[in-house]
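Student: got a predicted structure plus its sequence, pasted below:
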Amino acid sequence: MRLKKAIILGIPALLLTSAMAIAMPENGGIGLQEPVTANMEEIVGFHNKIIMPIITVIVLFVLVLMIYIMIRFRESANPVPSKTTHNALIEVIWTVVPILILLGMAFPSMKMLYNQDDLPETEMTVKVTGNTWNWEYAYPEHADTIDSYISNPLNKAAAEAAGKPYLFAADAPLVVPSGTKVKVLITSNNNLHSFAVPQFGVKMDAIPGIINETWFEVYEGKEGTYYGQCSELCGVNHYYMPIEVKVVTKGEFQKWIANGGAFTTTTAQNSLSGDMLTAAQE
């Protein structure tokens with residue numbers, strides 16, 4: 001009963017409370033989405049300050065080299081082509097330079113991966129389970145008040161009515177507090193899935209029989225609704241496994257827990273009733 005109550009009470013309240021900004025991909029956007037965690041900030045910095053300059057230099061170098069070759073060694077300028085087949089210096093350079101570039105990329109990337117993989121002392125835990133095809137969320141530390149619940153995608157009509165993006169929106173989002181280190185336990189009931197929220201810097205496979213773990217901490221002041229999707233080819237409805245995360249203040253989260261999965265104490269009527277969940281899978 002608590003599961004049904006949490007969904008019926010929680011969904012309308014989640015749709016009506018907090019006029020927070022919705023963070024999501026933008027049409028025509030360039031670059032990575034705005035980071036709201038320290039790990040994602042490291043990823044964006046690594047991409048913008050290290051990877052992109054290296055890629056740009058390599059592309060420009062190859063472009064200039066190709067133009068030089070086409071002009072310098074064109075047929076009209078070289079009626080008798082060179083028969084040179086080896087150049088020791090060039091061979092050493094094109095072997096050593098790529099190695100140095102890879103080493104230069106390896107050290108910061110390994111540090112970044114270590115920070116993501118090495119879980120700090122977290123303050124709360126959520127469990128994420130992939131199904132075919134939806135997500136199940138549970139709060140092990142609050143199991144006495146919040147049962148696990150299923151998060152289904154909203155169909156197009158329901159998403160538009162709620163003012164949410166179609167194929168990103170869910171009827172029951174994962175709710176977490178800002179300024180809190182959250183451990184995420186990730187598994188699957190059937191086939192491979194992948195739990196990914198780009199702005200958190202989180203992407204972890206959900207594998208049957210195995211519990212993987214990751215973590216994130218959304219900056220205080222960055223409360224809002226964030227979106228991700230399953231990032232593993234899990235089957236015919238792979239595209240229909242959105243991840244919606246509602247980040248609230250610690251006070252609002254405690255209120256949500258105390259109210260059994262609702263932000264208000266008023267019993268809200270779910271006018272869509274079971275039709276929302278049914279329609280979401282059509």
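Tutor: Cool, got the structure.

Student: got any ranges where the stretch 1-150 of the chain has weak pLDDT?
Tutor: 1-24 (pLDDT under 70).

Student: could you redo the last one with a cut-off of 90?
Tutor: For the stretch 1-150 of the chain, the stretches flagged by pLDDT under 90 are 1-34, 69, 72-88, 90, 94, 104-122, 132-133, 143-148.

Student: for it, what spans make up the strands?
Tutor: Taking DSSP state E, counting those that start in this stretch to define them, one finds strands in the stretch 1-150 of the chain at 22-23, 124-131, 134-138, 149-151.

Student: wait, which of those strands is closest to Y226?
Tutor: Nearest of those to Y226, taken as C-beta to C-beta: strand 22-23 at 5.0 Å. Bear in mind the C-beta positions are built from the backbone N, C-alpha and C, glycine included.

Student: what does stretch 108-115 contact?
Tutor: A38, N39, E42, I43, F46, I50 (C-beta atoms under 8 Å, 6 or more residues apart in numbering).

Student: just the buried residues of it, please?
Tutor: For stretch 108-115, a neighbour-count test (16 or more other C-beta atoms under 10 Å) marks S109, M112 as buried.

Student: go on, stretch 166-180?
Tutor: Within stretch 166-180, the residues that qualify as buried are F168, A169, A170, D171, A172, P173, L174, V175, V176, P177, S178, T180, counting by 16+ other C-beta under 10 Å.

Student: ok, of the contacts of stretch 108-115, which come out buried?
Tutor: Those of the contacts of stretch 108-115 that meet the buried threshold are N39, E42, I43, F46, by 16+ other C-beta under 10 Å.

Student: check contacts around the first one.
Tutor: Going back to what we said before, that points to N39. Taking C-beta under 8 Å, 6+ apart, one finds M112, N115, Q116, F200, G201, V202, F216 in contact with N39.

Student: share the number of residues neighbouring H47, please.
Tutor: 13 (other C-beta atoms under 10 Å).

Student: wait, it sits on L32?
Tutor: Yes. H47 lies in contact with L32 (C-beta atoms under 8 Å); the separation is 6.3 Å.

Student: give the PyMOL command for selecting the buried subset of the contacts of N39.
Tutor: To isolate the buried members of the contacts of N39 in PyMOL, using 16+ other C-beta under 10 Å:
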select buried, resi 112+116+200+201+202+216
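
Student: and the contacts of N39, which is closest to I67?
Tutor: The nearest member of the contacts of N39 to I67, counting by C-beta to C-beta, is M112 at 35.9 Å.

Student: how close does that closest one get to E160?
Tutor: Separation of M112 from E160 (C-beta to C-beta, to the nearest Å): 38 Å.

Student: center of the chain - which residue?
Tutor: In the chain, the residue lying closest to the centroid (C-alpha atoms, centre = their mean) is V197, at 1.8 Å.

Student: I99 versus that one, what's the distance?
Tutor: Computed as C-beta to C-beta, the V197 to I99 distance reads 35 Å.

Student: list the buried ones in stretch 226-240?
Tutor: Buried, per 16+ other C-beta under 10 Å, within stretch 226-240: Y226, Y227, G228, Q229, C230, S231, E232, C234, H238, Y240.

Student: closest to V59 among these?
Tutor: Closest to V59, out of all of the buried residues of stretch 226-240 and judged by C-beta to C-beta, is S231, at 27.3 Å.
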